Each structure stands twice: as C-alpha cells, then as structure tokens.
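Novice: Can you look at this prediction? I've put the sequence above it.
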Amino acid sequence: MTERAIPAVLSIAGSDSGGGAGIQADLKAFAACGVHGMTAITALTAQNTVGVDAVLAIEPEMIVAQVRAVARDIGVDAVKIGMLGTVATIEAVATALDELDDGTPVVLDPVMVSESGAPLLAPDARTALVELLLPRVTVTTPNVPEARTIVGSDDDAPELARAIHRLGPRYVLVTGGHREQATDVLFDGETTTEIPGERFPDGAAHGSGCTHSSALAAHLALGLDPADAARAAKEVAARAVRDGLREIGQGAGPVDALGIRAGAAERPAAR
Ligand SMILES: Nc1ncnc2c1ncn2[C@@H]1O[C@H](COP(=O)(O)OP(=O)(O)OP(=O)(O)O)[C@@H](O)[C@H]1O
Ligand SMILES: Cc1ncc(COP(=O)(O)O)c(N)n1
C-alpha cells in the first residue's frame, strides 16, 4: 500500500520481442491501471505470436542491480514476477525480494509455457520456484495447467488452490482462462471465493496471464485488498482478451489492455 497518488510497480519478468506478453504486456497493464511501471528483465526472448526462437537469461547480478536501482531512487509499491527460466534467476529474484521493504505486496505468476507452446521454465527450476519464492509471495496466480504441475495432480481449481496454499503463499488465485467458464478461484487459507466473468472465446489471449498478474499488483499498490484487487484484475484481463488484436501475427494475437484498437478507430485517417 502507498500514500502516493501514482504508485510505482515493478515487473520482474522476461521480454517478449513480439510485444504481446512479458514485460511489454506488464507495462501496458500498469499504464491501463494508472500506476507507474518499472522493470527488472530476467530474460530476453526472440518471440512472436507463433513461437519462441531463442532465450537469453540475464546475469543474476544484473537482475538484482535492476531491482536495487529502482528501489533506491523511486521505491517499489508492489512487485509482479513473471518468466524466470532458470534456477540462477530464481535465486537472484529471491535475493532481490529480501532487500525490499517488509510488507511490499508480491504477485507471482508461475509462467511455465508460452501460449505458443514453448517452455519458459526449466524443469529443474520448478523446485526452486516452489521452495524459494512461493513461501514469500502475497498472491500466486497459476492457470490450471501450471497449478496441476506445481501440485502434481489432475484436480480442479478449488482443490489446487488449497494444495498450493499449503506451500506458503498468503493467497492463491487460480486463473480461469483454461476453464470452461473462465472463472478465477481465490483461496485465502480459509475461504474459497469464485470470481466469475463472461468468457470471450473469440478474443485474443497472448499475454492474458501477464496482464492479469500485473493488474493485480497494480491494484494492490493502489490499496485494494487482495479479493477486490483480484476482481479488478479479472475485469482488466477479460476486457483485454475481448478487445485482443487478432490481426497481429499469424498465431494467438496479443491482448489489448490499453484500448489500442478503440484509439485507432477514433483517429482521423492518416492518408
Ligand atoms: N477467453 C477469455 N475470456 C474471458 N476472460 C479470460 C479469457 N481468457 C483468460 N481470461 C482471464 O484472463 C486472466 C488470465 O487468465 P489465464 O488463465 O488466461 O492466464 P494464463 O493462462 O496464465 O495466461 P497466459 O497464457 O497469457 O500466461 C484471468 O482472469 C482469466 O479469467
Ligand atoms: C517473456 C514471456 N513471458 C511470459 C509469457 C507467457 O505468456 P503467454 O502464455 O500468453 O504466451 C511469454 N510468452 N513470454
């Protein structure tokens, strides 16, 4: 929570050269939510809407340096964590989190596979993610396949949320993009809350999880409690999927959190 009118929110995540997911989606979501966005890049991906051609992990010291630089000068009102990739990156992020003020809300989106099917977390890094990061985050936002991988079961969202809560995060929010009704499920250790919303089957969903977890971190920084922040994030993500830019690329188009299409329609024709 912050006293300032415009909170500053940090994304620790990978870069998607196609502009659909990762830090590019995070910065758009932060802007859409009215907060200042900052970044600590964990990996560069050479990526488009159909696949990931190459991944370059950023040196652990450089990841910590990015976090220190923004924390020292600007301050961090909330953190969103996305693509991590390797054990060394996870260790660096754990070190960096230790240096932030106690009580800084942290949202962890346990990114494992891209919408186009490319692996974004090494199999041997799953244990590090569970042991080093899950116990220290405010909210984790797995989708159903990610939650099943973490738990090692085929259960549905409510059971998965309860099982992941036992691993240490204060809240678990299983996202519904892969469920029939697109309902998100929040568990706080006692109560399970369903967060329903219209499903948009014809939307474009590349970057939906990144947009959702960033909007959640933004609303925590704005002072909402986790349940209200989860409802606000669901609205931002669902709208971004509904308005998604299906015409961008040959694969799954990027979400549109900023109303780019609506803005383009209002602009006078350039020629
Ligand atoms: N087709 C859809 N219609 C409405 N809401 C959606 C749709 N797809 C995803 N959402 C919403 O977007 C948010 C992100 O959920 P999702 O489960 O897609 O995350 P994800 O699978 O991690 O995303 P990504 O594949 O981009 O990492 C959730 O709030 C979810 O309910
Ligand atoms: C750098 C980066 N971070 C996250 C995702 C996941 O997003 P999606 O599942 O929509 O492809 C991605 N593709 N690339």
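Specialist: The structure has been received and is ready for your questions. Ligands and ions are numbered 1, 2, ... in the order given.

Novice: okay, CA-based contacts and neighbour counts for the rest of this
Specialist: Will do.

Novice: buried residues in the top helix by length along the chain?
Specialist: Across the chain, the longest stretch assigned as helix under DSSP state H is helix 226-242. Neighbour counts over helix 226-242 (16 or more other Cα atoms under 10 Å) mark 226-227, 229-242 as buried.

Novice: Then stretch 38-52?
Specialist: For stretch 38-52, the neighbour count (16+ other Cα under 10 Å) marks 38-45, 47-52 as buried.

Novice: Now for the residues you listed: which two are most distant?
Specialist: Farthest pair in the buried residues of stretch 38-52 (Cα to Cα) is Met38 and Val50. Separation: 27.2 Å.

Novice: rewinding a little: any idea which of the buried residues of helix 226-242 is closest to ligand 2?
Specialist: Val241 (10.6 Å; Cα to the nearest ligand atom).

Novice: got a list of what that closest one touches?
Specialist: Val241 is in contact with Phe200, Gly203, Ala204, Ala205, Ser208, Val255, Asp256, counting by Cα atoms under 8 Å, 6 or more residues apart in numbering.

Novice: of the residues you listed, list those near ligand 1.
Specialist: Phe200, Gly203, Ala205, Ser208 (Cα under 6 Å from any ligand atom).

Novice: neighbour-wise, which of those leads?
Specialist: Comparing these by number of neighbours (other Cα atoms under 10 Å), Ser208 comes first, having 31 neighbours.

Novice: Kindly report the residues of the stretch 51-200 of the chain close to ligand 1.
Specialist: So far as Cα under 6 Å from any ligand atom goes, the stretch 51-200 of the chain lies against ligand 1 at Glu115, Asn143, Thr175, Gly176, Gly177, His178, Ala182, Thr183, Asp184, Glu198, Arg199, Phe200.

Novice: In the residues you listed, which has the lowest confidence score?
Specialist: pLDDT across these is lowest for His178, at 83.

Novice: Report how many residues lie close to it.
Specialist: 12.

Novice: which ones are touching it?
Specialist: Contacts of His178 by Cα under 8 Å, 6+ apart are Asn143, Val144, Pro145.

Novice: Could you do Arg261 as well?
Specialist: So Arg261 contacts Asp243, Leu245 (Cα under 8 Å, 6+ apart).

Novice: repeat for Pro169
Specialist: Contacts of Pro169 (Cα under 8 Å, 6+ apart): Leu134, Pro135, Arg136, Val137, Thr138, Val139, Thr140.

Novice: For the closest residue to Ala204 other than its chain neighbours, what is the enclosing helix or strand?
Specialist: In space, and not counting its chain neighbours, Ala204 is closest to Gly244: 4.3 Å by Cα to Cα, 6 or more residues apart in numbering. Per DSSP states H and E, Gly244 falls between elements, in no helix or strand.

Novice: thinking Gly244 is in contact with Gly203, fair?
Specialist: Yes. Counting by Cα atoms under 8 Å, Gly244 does reach Gly203; the two are 5.5 Å apart.

Novice: Touching both of the two, which residues are there?
Specialist: Counting by Cα under 8 Å, 6+ apart, nothing touches both Gly244 and Gly203.

Novice: my guess is Val76 contacts Arg68, does it?
Specialist: No. Under the criterion of Cα under 8 Å, Val76 is not in contact with Arg68, lying 10.0 Å apart.
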